[in-house]
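K.L.:
A predicted structure for the sequence below; I have some questions about it.
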Amino acid sequence: MLNPVNTLRKTMQYWHASFVANNIGTGLLVIGAPNVGKTELCDYLIKYLDFYLVADDLVRVAQINDIYQGILCNEQYFGVMHHEKKGFIQVEKALDQAVISHVVYLYCQEKDPKYINKAQTLALPLIEMDVFNKAWHECAKQLQNKLG
């Protein structure tokens, strides 16, 4: 018979999202509609706020007991982001995996319940941000304020 203390629960999902993390335990899984600015916000966080890119566009999310790990799906895209206007760009700071601490939902004026419902499937804090008519530095400051 298995000892429940030693039983490991593990599940795996794939999310259309971007994922960045820093070296002080903050891992942000950024979700939202296509072209809402997930990549642009993450690019700003990497360039100016000492975050590292883990994955852009597709993130493998592994749940191991109560911990959510965000993982790069394809090694070929290590350190690579895809901007709609700039194409593929290489970033200077990247990791292949990190712990997810928060889900950040970006929306433009109107929230879509399907993203909120999906975010709530992870037992993590959800930060909702309206990015309408905001510069990325404003969004980053708002995010920093919400993170504390």
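P.N.:
Perfect, I can see it now. Numbers count the residues shown, from 1 in each chain.
K.L.:
pLDDT score for Gly87?
P.N.:
Among the per-residue scores, Gly87 holds a pLDDT of 89.
K.L.:
Please name the bridge partners of it.
P.N.:
His83 (DSSP bridges).
K.L.:
what number of residues lie near the closest residue to Trp15 other than its chain neighbours?
P.N.:
Once flanking residues are discounted, Trp15 sits nearest to Val59: 4.8 Å by Cβ to Cβ, 6 or more residues apart in numbering. Glycine gets a C-beta too; all of them are placed from N, C-alpha and C. By other Cβ atoms under 10 Å, 24 other residues sit near Val59.
K.L.:
Quick check: the spatially most central residue of the chain vs Cys139, distance?
P.N.:
For the chain, the residue nearest the mean C-alpha position is Leu29 (1.8 Å; Cα atoms, centre = their mean). Distance of Leu29 to Cys139, given as Cβ to Cβ, to the nearest Å: 16 Å.
K.L.:
same question, Asp57
P.N.:
According to Cβ to Cβ, Asp57 and Cys139 sit 19 Å apart.
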